[in-house]
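Student: Give me the fold of what follows.
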Amino acid sequence: MEPDEIEALFTRSDGSYAFARWGRALAPVVFGVEETTLATIKGAFEAVCHLAGHETTELDPELGANTMMFFCRDWSELVGVPNLDRLVPDLGPLVAKLDAAEANQYRIFRFDEAGAIRACFIFLRMDDQLSAVPADTLALSQAVQSMLLWSDTAFADRSPLGQLEDGRVVLRPEIGALIRAAYDPVMPAATGDASHALRLAARVGGMS
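Tutor: Numbering: from 1, shown residues only. All right, here's what the predicted structure looks like:
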């Protein structure tokens, strides 16, 4: 990947460069799905963490679960989730905003003192579009998009996933290499300096 391609993936719509990776092991929990789907989702997070050289865990010592995924049929269902308003400030206005935009997914990140990701809340409204996506594909896509603080426009034009000739859906190789590079121990856990993209590009190039 070229440096400008990488820079674009972490440059937000307001023009600012913002990068962050997880500073702790991911402890995922999923609400609103059957047991079989739960295993698929957790498996996807484990696979992406393994790719990055990162870890998952059953329990975060500070938060318990630090990666929470909520499935619903209507955004209004989130208002009835016990104590969710304590985890997500201004939940009511957020639900109204998502409903008005007819959105089907939304992610909120929380950060530690160093700027690294400490928690992620993933909300999915299973409309006709998302309901048509196979569970393993949806799980992999969400795991990838939760692994780093990507730009809010990062995958608007092209998914981080690709399809093989046999029909299997997999992570695009260049995105996988970028995630591995981002979790290189010598790289910063968070930065707003766009020159960071140059360092990522050098590492991605070394993996090809």
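Student: For Asp99, give me its contacts.
Tutor: 75-76 (CB atoms under 8 Å, 6 or more residues apart in numbering). Where you see a C-beta, it was placed from the backbone N, CA and C, and this is true even at glycine.
Student: and stretch 112-123, what's its mean pLDDT?
Tutor: For stretch 112-123, mean pLDDT is 97.
Student: top helix in this structure by residue count?
Tutor: helix 35-52 (DSSP state H).
Student: Give the rounded mean pLDDT of that one.
Tutor: Mean predicted confidence for helix 35-52 is 93.
Student: Stretch 8-22 too?
Tutor: In this model, stretch 8-22 carries a mean pLDDT of 97.
Student: Using CSV, write out every CA atom in it.
Tutor: The C-alpha trace of stretch 8-22 is given here as CSV (Å, rounded to 0.1, in the frame of the first residue of the first chain):
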residue,chain,number,x,y,z
ALA,A,8,-6.5,8.2,3.9
LEU,A,9,-7.6,5.2,6.0
PHE,A,10,-6.9,7.2,9.2
THR,A,11,-7.8,10.7,8.0
ARG,A,12,-11.2,11.7,9.3
SER,A,13,-13.8,13.6,7.4
ASP,A,14,-12.7,16.8,9.2
GLY,A,15,-9.2,16.4,7.8
SER,A,16,-7.5,15.3,11.0
TYR,A,17,-5.3,12.2,11.2
ALA,A,18,-6.2,10.0,14.1
PHE,A,19,-4.8,6.5,14.8
ALA,A,20,-5.2,4.3,17.8
ARG,A,21,-4.9,0.5,18.4
TRP,A,22,-5.9,-1.5,21.4
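Student: Measure how far the longest strand along the chain is from the centre of its chain, please.
Tutor: The longest strand of the chain (DSSP state E) is strand 117-125. Here strand 117-125 is found 7 Å from its chain centre; the criterion is CA atoms, centre = their mean, to the nearest Å.
Student: which helices and strands sit right next to it?
Tutor: Judged by 3 or more CB pairs under 8 Å, 6 or more residues apart in numbering; DSSP states H and E, the packing partners of strand 117-125 are strand 67-72, strand 105-111, helix 135-147.
Student: And for the closest residue to Leu38 other than its chain neighbours, the neighbour number?
Tutor: Spatial nearest neighbour of Leu38, chain neighbours left out: Val30 (5.2 Å); criterion: CB to CB, 6 or more residues apart in numbering. Neighbours of Val30 under the rule other CB atoms under 10 Å: 22.
Student: Same question for the strand or helix carrying Val204: list its buried residues.
Tutor: Taking DSSP states H and E as the definition, Val204 sits inside helix 196-207. Burial within helix 196-207, assessed by neighbour count using 16 or more other CB atoms under 10 Å, is assigned to 196-197, 199-201, 203-204.
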